[in-house]
Structure formats: C-alpha cells, structure tokens
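Novice: All I have is the shape, not the residue letters:
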C-alpha cells in the first residue's frame, strides 16, 4: 500500500511540475515576440502526409507546405501588452509593416485571451489583416513562455507546441 501511495504522489508531483501556470497581469505586460517553430510544424505535416496513399498528392502537399513555411519564417510579429487591456500588434512582412490593436484579458481559469472585439476596427480592417483571436485559443505560461493552447470540445487544453510568445 505504501508503494502505491508513494507512486501516486510522485505521479501527481511530476504532472504538476510539467503543467502550465495561470497567467497574471504582471507576468505578461510588455513586449513579446511570436515564435512559430517551423521545424515542429514541418514534422507534424510530414506525419500527416505519411497517411496519404497517393505519392503525387504527398509530393504536391509537401511542396506547398514547404513554400508556406518558408514564408512564415520571414514574418516578424511582436505583441506589446499594455495595462489597459490593449495589445499593440506589429507585423513586419517582407519590409511592409502593419500595426493593429487588439484586446486582452485573463479569464477565471487564469488563461490569457486575445481578441479583436472592436466592431469599428473590424469594419475598417484591410483585406491583409491578420486575426489572432480565436474562440478556441488561449495562452498559458509554460517554461517562461506564453504557450498557445487550443480548447477541445470537452474543455481540455491541447498545446500547440509550435506556437508561443517569448518575452523581449
């Protein structure tokens, strides 16, 4: 019985050490860089392509995904979290710079939510605007980074390992 109890306690401690921590306002204020781990994304794409039966479809999809990931590597995205619940989003793509303003808040579960709720801004958005808000996406602190997570239908969080924010 002691071995079972010790094992259960050890498993719980290990799980809590690897778990994400709740976000607090003081932890996120300031500038952050968006990091998209292209190598991780390439690995995921390769795994999905292995399931494809047609070699031509695999080759075509691999070429398109490599092209898209090469472009993603050249995009520079910065978030500036401000105390008033505003986020200044600066995007630099091939020398062209765009600035947008989003809103952020921390929900009751300690998850960071970034959204664009301003109807006026949404109406005046250019066709080239990016939308970083998604009802299923939240951000949590993990290993000093703001890690992106997706909420499943059952409310569980699945980590998007390839997308995170790193403090500047």
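Specialist: Yep, it's here. What you see is a predicted model; the values in this text were computed from it and never measured.
Novice: Make sure residue 138 is actually in contact with residue 155.
Specialist: No. With contacts counted by C-beta atoms under 8 Å, residue 138 stays clear of residue 155, the gap being 10.8 Å. Quick note: C-beta positions are derived from backbone N, CA and C, even for glycine.
Novice: of these two, who's got more company?
Specialist: Set residue 138 next to residue 155 and count neighbours by other C-beta atoms under 10 Å: residue 138 wins out with 23 against 7.
Novice: Is that one bridged to anything, and to what?
Specialist: residue 149 (DSSP bridges).
Novice: for the residue most central in space within the chain, what are its contacts?
Specialist: Closest to where the C-alpha atoms of the chain average out (C-alpha atoms, centre = their mean) is residue 148, at 3.0 Å. Applying C-beta atoms under 8 Å, 6 or more residues apart in numbering, we find residue 148 in contact with 137, 138, 139, 159, 160, 163, 164.
Novice: Just the buried ones among those, please.
Specialist: The neighbour count (16 or more other C-beta atoms under 10 Å) marks 137, 138, 139, 160, 163, 164 as buried among the contacts of residue 148.
Novice: if I read this right, the last one contacts residue 35, doesn't it?
Specialist: So the one you mean is residue 164. Yes. Counting by C-beta under 8 Å, residue 35 is a contact partner of residue 164 at 5.4 Å.
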